[in-house]
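A.B. asks: Attaching a predicted model along with its sequence, questions to come.
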Amino acid sequence: MSLDIVILAAGQGTRMRSALPKVLHPVAGKSMLGHVIDTARQLSPRKIHVVIGHGAELVRERLAADDVDFVLQAEQLGTGHAVAQALPHIEADKVLILYGDVPLTQVETLSRLLEQASDTQLGLLTVNLADPTGYGRIIRDEAGIVQAIVEHKDASEAQRAIREGNTGILAVPGKRLGDWLGRLSNSNAQGEYYLTDVIAMAVADGLVVATETAQEEMEVLGANDRIQLAQLERYYQQRAARRLMTQGVTLLDPARFDLRGEVTVGRDVQIDINVILEGKVVIEDGVQIGPNCVIKDSTLRRGAIVKANSHLEGAELGEGADCGPFARLRPGAKLGAKAHVGNFVELKNAVLGEGAKAGHLSYLGDAEIGARTNIGAGTITCNYDGANKFKTVMGEDVFIGSNSSLVAPVTLGDGATTGAGSTVTQDVPAKALAVGRAKQRNIEGWKRPTKQ
């Protein structure tokens, strides 16, 4: 059966106290709505309809995609009214209704819910709550069959004692939805058209309301303020940490680890505290990552070591290579097998061959560096003239003396050497020594300035 998914994302989120629309606030580096859309995609729908309102243009701009159909709800008149805005675009046999500020619902949970929906049956996702305050209550008859949902503000004291709450997530037969939405009334405490009233209509029309229960309360929790947003963040990170540990990763403190993207891991990986992984990261067997590192869109090959306080983005460390502490590898940085980058070294679009070393205090940009080449402290490649960038090429077994400035474009042949403090502006032949510095003069009787 075909499936349309409707995601309600029109709310302002006044309790966030933010100019940013509520659904664009991030959990694990991705907007809440982005999480919901990604989950929806895994269910292979015919189309994803996102109902937008507050900040509509910004939401559209951030999350536009070929499989996403944005529908404007000009006035926020309730959840039932919101779904009705998408109704002209719905054609599928089943309709799944999700919420843009409920980002952590599992695909497996929604798949089970969809199995409950048919032409004669409506699927309702519920959750058992320690404190159901604010949630609509599931009203069942003596046989346990769902009869209706009563919103908290409209509930009696007896109904408020019910702990089974409504998540708002529904799977309904598409051909029934239009009729139910057309019959909604706003005669309630809020003066809104509640989507939950569809439940009583389905019962009156002779449909069975079949429930599926979320495994954990956090899975269906929405974020209405920054406190709840932080709770979602911690839950997401705890879940990510558990998943990595089951795959063979040692997290020295799972509570001090953050994943803000996707990571592929090998076995026997060790990650110290306060490490942040962003974007797409690949970590192979035996990699060690020290504390306080940020690693984004990077690949760490087998046995690589990232020492404390290093920052990698768009970089690759070869087998057995190491960097840090306090190293910065920017996009295009690539270390060959057993290459070494030490403290306060910055690489940008630079490739170090096997066993090459840059021990400390250097900037290497737009550079190709051969195997076993050694870069002395304080060395920089002068790759930018204010308008264009140029490349520095060093062959194998080159030795760069400390505090050398290599003015690109320039090539140093295999086995070349530069004297410490040299400014190299011309190519250096293989095995030659380049000395490019002013002649030293010693001035006898020099008087230092003194304070007036």
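C.D. replies: Looks like it arrived, so ask away.
A.B. asks: Pull the contacting residues for I48.
C.D. replies: I5, I7, I37, A40, R41, D67, V68, D69 (Cβ atoms under 8 Å, 6 or more residues apart in numbering). For glycine as for every other residue, the C-beta is placed from the backbone atoms N, C-alpha and C.
A.B. asks: switch to 6 Å and redo it
C.D. replies: Applying Cβ atoms under 6 Å, 6 or more residues apart in numbering to I48 gives the contacts I5, A40, D67, V68.
A.B. asks: Then G53?
C.D. replies: Here G53 is in contact with A10, Q73, Q76 (criterion: Cβ under 6 Å, 6+ apart).
A.B. asks: confidence score at the first one?
C.D. replies: In the predicted model, A10 carries a pLDDT score of 95.
A.B. asks: How many neighbouring residues does it have?
C.D. replies: Per other Cβ atoms under 10 Å, the neighbour tally for A10 reads 27.
A.B. asks: The last one now?
C.D. replies: Using other Cβ under 10 Å, the number of residues around Q76 comes to 15.
A.B. asks: which SSE is A230 in?
C.D. replies: helix 226-246 (DSSP states H and E).
A.B. asks: quick one: contacts of that helix?
C.D. replies: Contacts of helix 226-246 (Cβ under 6 Å, 6+ apart): H25, V27, A28, M218, A223, L251, P254, F257, D258, L259.
A.B. asks: chain center to it, what's the gap?
C.D. replies: Distance of helix 226-246 from the chain centroid (Cα atoms, centre = their mean, to the nearest Å) equals 12 Å.
A.B. asks: Buried residues in that helix, which are they?
C.D. replies: Residues of helix 226-246 classed as buried: L229, L232, E233, Y235, Y236, Q237, R239, A240, A241, L244 (neighbour count, 16 or more other Cβ atoms under 10 Å).
A.B. asks: element containing the residue lying closest to V68 once chain neighbours are set aside, please.
C.D. replies: Sequence neighbours aside, I48 is the residue nearest to V68 in space, at 5.1 Å (criterion: Cβ to Cβ, 6 or more residues apart in numbering). Assigning secondary structure by DSSP H and E places I48 in strand 47-52.
A.B. asks: Using PDB, list the CA coordinates for the following helix or strand past that strand.
C.D. replies: Later in the chain than strand 47-52, the nearest helix or strand by DSSP H and E is helix 56-63. Written as PDB, here are the backbone C-alpha positions of helix 56-63 (Å, rounded to 0.1, in the frame of the first residue of the first chain):
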ATOM      1  CA  ALA A  56       8.200  29.300   6.700                       C
ATOM      2  CA  GLU A  57      10.700  30.700   4.200                       C
ATOM      3  CA  LEU A  58      13.700  29.900   6.400                       C
ATOM      4  CA  VAL A  59      12.400  26.300   7.000                       C
ATOM      5  CA  ARG A  60      11.900  26.000   3.200                       C
ATOM      6  CA  GLU A  61      15.400  27.300   2.500                       C
ATOM      7  CA  ARG A  62      17.100  25.000   5.100                       C
ATOM      8  CA  LEU A  63      15.300  21.800   4.200                       C
END
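A.B. asks: partners of whichever helix or strand comes after helix 56-63, with directions?
C.D. replies: Counting by DSSP H and E, the next helix or strand C-terminal to helix 56-63 is strand 68-72. Paired strands of strand 68-72, with direction, are strand 47-52 (parallel) (DSSP bridges).
A.B. asks: Report the angle between the partner strand and helix 56-63.
C.D. replies: Angle, strand 47-52 to helix 56-63, by axes from the mean of the first three to the mean of the last three Cα atoms, to 10 degrees: 140 degrees.
A.B. asks: Now strand 47-52: average pLDDT?
C.D. replies: Rounded mean pLDDT across strand 47-52 is 98.
A.B. asks: Same question for stretch 66-84.
C.D. replies: The model assigns stretch 66-84 a mean pLDDT of 95.
A.B. asks: Can you report how many residues neighbour R441?
C.D. replies: So R441, with other Cβ under 10 Å, has 5 neighbours.
A.B. asks: got it, and K30?
C.D. replies: There are 15 residues near K30, going by other Cβ under 10 Å.
A.B. asks: Could you do E91 as well?
C.D. replies: Using other Cβ under 10 Å, E91 is surrounded by 11 other residues.
A.B. asks: Also E319?
C.D. replies: Neighbour tally, E319, other Cβ under 10 Å: 19.
A.B. asks: for the one 10 residues further on, same thing?
C.D. replies: Counted with other Cβ under 10 Å, the neighbours of L329 add up to 27.
A.B. asks: is it true that L277 touches I295?
C.D. replies: Yes. Applying Cβ atoms under 6 Å, one finds L277 in contact with I295, separated by 5.4 Å.
A.B. asks: now the strands for the stretch 351-452 of the chain?
C.D. replies: Per DSSP state E, counting those that start in this stretch, the stretch 351-452 of the chain carries strands over the ranges 357-369, 374-375, 380-382, 392-394, 399-400, 405-407, 410-412, 417-418, 423-424, 433-434.
A.B. asks: Quick check: pLDDT value at the nearest residue to M32 once chain neighbours are set aside.
C.D. replies: Leaving aside its sequence neighbours, M32 sits nearest to P103 (Cβ to Cβ, 6+ apart; 4.1 Å). pLDDT, P103: 98.
A.B. asks: For stretch 28-46, output the C-alpha coordinates as CSV.
C.D. replies: In CSV, the C-alpha atoms belonging to stretch 28-46 read as follows (Å, rounded to 0.1, in the frame of the first residue of the first chain):
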residue,chain,number,x,y,z
ALA,A,28,23.0,16.5,17.7
GLY,A,29,23.9,19.1,15.1
LYS,A,30,20.8,18.6,12.9
SER,A,31,17.5,20.4,13.1
MET,A,32,14.7,18.6,14.8
LEU,A,33,12.7,18.7,11.6
GLY,A,34,15.7,17.4,9.7
HIS,A,35,15.7,14.3,12.0
VAL,A,36,12.0,13.8,11.4
ILE,A,37,12.4,14.1,7.6
ASP,A,38,15.3,11.6,7.6
THR,A,39,13.2,9.1,9.7
ALA,A,40,10.3,9.6,7.3
ARG,A,41,12.5,8.8,4.3
GLN,A,42,13.4,5.4,5.7
LEU,A,43,9.7,4.4,5.5
SER,A,44,9.8,4.9,1.7
PRO,A,45,6.8,7.2,1.4
ARG,A,46,5.3,8.4,-1.9
